[in-house]
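Enquirer: what would the 3D arrangement of this be:
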Amino acid sequence: MSLGSYRQHKTELLSRLNAADPSGSLQRVRDVLHALLQWTDQTLVGLWGESGLANTMSLVAVGGYGRGQLYPYSDIDVLVLLPNGSVDDLAVSDRERLEGFITRCWDHGLEIGSSVRSLPECLREASADITVQTAMLESRWLTGDKTLYAQFLAQFQSALDPRAFFIAKTLELRQRHTKFDDTPYSLEPNCKESPGGLRDLQTILWVAKAAGLGGSWDELCRNGLATPLEVRQLKRHEAVLRTIRTHLHCVAQRREDRLVFDLQYATSKSLHLQDETASARSASEALMKRYYWSAKAVTQ
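Expert: Alright, predicted model coming up:
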């Protein structure tokens, strides 16, 4: 794999978002983000293979990346799962290969957040930290020893207490809402963390998945937690928020989830919400109207 190929292909994918067709914006964002996710998976698997890492280890996507939702400048969190012991117990050659793999990822433009843990270490960290537990709840096998990953899943799910998880995530949600003034109508909202943002939708799916009630809106519907109408509305508003966040990342050229005044006009232009003759104020108002519409619906 040539150095920089990941970064170059990512740039080409994101350039597709600039098509001047507002009517297809939601579907175009879905297609581009799905292609970016697939390319990231393929690149990681390829680099893992080139590094000559032992098949006794397993490479696992966790967090939002594990959930299969990757934004232009999102974190790419991965877990290197060891069969036993700790990273210090690895043979020198395996440790060098692992360090080489992580270095190659960064050289190729994959700014990964990596952790290296054995099964017992994963369970211990998850029991002590709700954030780690949540990230592992959304794990997804990428490559390496698949049997080891299956053992991890079985042990993790057996140790998970759905009621305690629900209480912890509910408290976390309330604290986050308080931090953001308990309103979806902030003048410079965070489209991920503010009330009515993407994090609220993720919280619903987290607690449902922990309780074995489904990890998608359709599964929640089948299990009687939401009506078909509610699911259609949730999907629609989630798509709007995801589209705004995607374009916001591209406009800022970094991970930026706040719709700050300086980025509202550029984001609106990226979304083609107004024609070129519209004033900056009019274009920004069109963007915020769309955002508030979805954030209010999610909050309700």
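Enquirer: show me where the stretch 1-150 of the chain has its strands.
Expert: 58-61, 76-82, 112-118, 140-144 (DSSP state E, counting those that start in this stretch).
Enquirer: mind listing what's buried in the third one?
Expert: Same thing as strand 112-118. Across strand 112-118, burial judged by 16 or more other C-beta atoms under 10 Å covers I112, S114, S115, V116, R117, S118. Where C-beta positions appear, they are placed from N, C-alpha and C, glycine not excepted.
Enquirer: quick one on the thing from earlier: can I get the strands of the stretch 1-150 of the chain in a markdown table including distance to T243?
Expert: Shown next, in a markdown table, are those (distance: least, C-beta to C-beta, whole Å):
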| stretch | distance to T243 |
| --- | --- |
| strand 58-61 | 23 |
| strand 76-82 | 21 |
| strand 112-118 | 25 |
| strand 140-144 | 23 |
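Enquirer: among those strands, which is nearest T267?
Expert: strand 76-82 (23.1 Å; C-beta to C-beta).
Enquirer: from memory N84 sits against S118, does it?
Expert: Yes. Judged on C-beta atoms under 8 Å, N84 makes contact with S118 at a distance of 5.4 Å.
Enquirer: phi and psi next, for the spatially closest residue to A211 that is not a sequence neighbour.
Expert: What sits nearest to A211 in space, not counting adjacent residues and going by C-beta to C-beta, 6 or more residues apart in numbering, is P162, at 4.2 Å. Main-chain dihedrals, P162, degrees, to the nearest 10: phi -60, psi -40.
Enquirer: wait, P162 sits on A208?
Expert: No. The pair P162 and A208 does not pass the contact test of C-beta under 8 Å, sitting 9.5 Å apart.
Enquirer: more neighbours, these two?
Expert: Neighbour totals were compared for P162 and A208, and A208 leads with 21 against 15 (other C-beta atoms under 10 Å).
Enquirer: could you pull up the contacting residues of the residue nearest to A211?
Expert: V207, A210, A211, G212 (C-beta atoms under 8 Å, 6 or more residues apart in numbering).
Enquirer: related to what we said a few turns ago, can you redo the strands of the stretch 1-150 of the chain as JSON lines with distance to E99 and mean pLDDT?
Expert: Converted to JSON lines, these look like this (distance: least, C-beta to C-beta, whole Å; pLDDT from 0 to 100):
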{"stretch": "strand 58-61", "distance to E99": "15", "mean pLDDT": "97"}
{"stretch": "strand 76-82", "distance to E99": "11", "mean pLDDT": "96"}
{"stretch": "strand 112-118", "distance to E99": "10", "mean pLDDT": "94"}
{"stretch": "strand 140-144", "distance to E99": "16", "mean pLDDT": "97"}
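Enquirer: could you pull out the helices in the stretch 101-250 of the chain for me?
Expert: Applying DSSP state H, counting those that start in this stretch to the stretch 101-250 of the chain gives helices spanning 119-128, 130-137, 146-159, 162-179, 198-210, 217-222, 228-252.
Enquirer: and the second one, what's buried?
Expert: With burial defined by 16+ other C-beta under 10 Å, the residues of helix 130-137 counted as buried are I130, V132, Q133, T134, A135, M136, L137.
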